[in-house]
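Colleague: model this:
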Amino acid sequence: MSKNDKKTPPSIEVKTNYVHAGVVRDMFKKRDKAGVMPIGMLTTDRFSGPAKKLLDERDVAWAEIPESEILESEKSEGE
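Modeller: Coordinates of the predicted model:
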């Protein structure tokens, strides 16, 4: 049984800055220790090429969503 087969809800790691490979490795270490790997990671900035590669190797989805799109969405919901 893999660590993600437990009855733990899936999670998404969210960052608001540039994500380089070191950030991804640190997140993997922290999550491995906790026994829960996220199903995805998103940032309001960018991922480096090596960071994307590390995420792809572990089948962790990733997305770059500009903060302006999130703020615009929140503004629309409030109208």
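Colleague: if we look at the lengthiest helix in the chain, which residues are touching it?
Modeller: Ranked by number of residues, the top helix in the chain under DSSP state H is helix 21-34. If you take Cβ atoms under 8 Å, 6 or more residues apart in numbering as the criterion, helix 21-34 is touched by 3, 13, 15, 37-38, 41, 48, 50-51, 53-55, 58. The way it works is simple: take the backbone N, C-alpha and C, and place the C-beta from them, glycine included.
Colleague: and if you look at stretch 62-79?
Modeller: 16, 40-47, 51-52, 55-56.
Colleague: Low-confidence regions, this structure specifically.
Modeller: Residue ranges of the chain with pLDDT under 70: 1-7, 73-75, 79.
Colleague: what ranges do the helices span in it?
Modeller: For the chain, the helices defined by DSSP H cover 21-34, 49-57, 67-78.
Colleague: hang on, residue 16 packs against residue 43?
Modeller: Yes - contact criterion Cβ atoms under 8 Å: residue 16 and residue 43 qualify, at 7.0 Å.
Colleague: Of those two, which one has the most company?
Modeller: The neighbour count for residue 16 versus residue 43, taken as other Cβ atoms under 10 Å, is higher for residue 43 (21 against 11).
Colleague: Give the bridge partners for the more buried one, please.
Modeller: residue 15, residue 64 (DSSP bridges).
Colleague: show me the contacts for it.
Modeller: 14-19, 62-65.
Colleague: run the last query once more with 6 Å
Modeller: By Cβ atoms under 6 Å, 6 or more residues apart in numbering, the contact list for residue 43 reads 15, 19, 64.
Colleague: what's the neighbour count on the first one?
Modeller: Residue 15: 15 surrounding residues under other Cβ under 10 Å.
Colleague: same thing with the last one?
Modeller: As a burial measure, the neighbour count of residue 64 was computed by other Cβ under 10 Å and equals 12.
Colleague: State the distance from it to residue 36.
Modeller: Going from residue 64 to residue 36 by Cβ to Cβ, to the nearest Å gives 23 Å.
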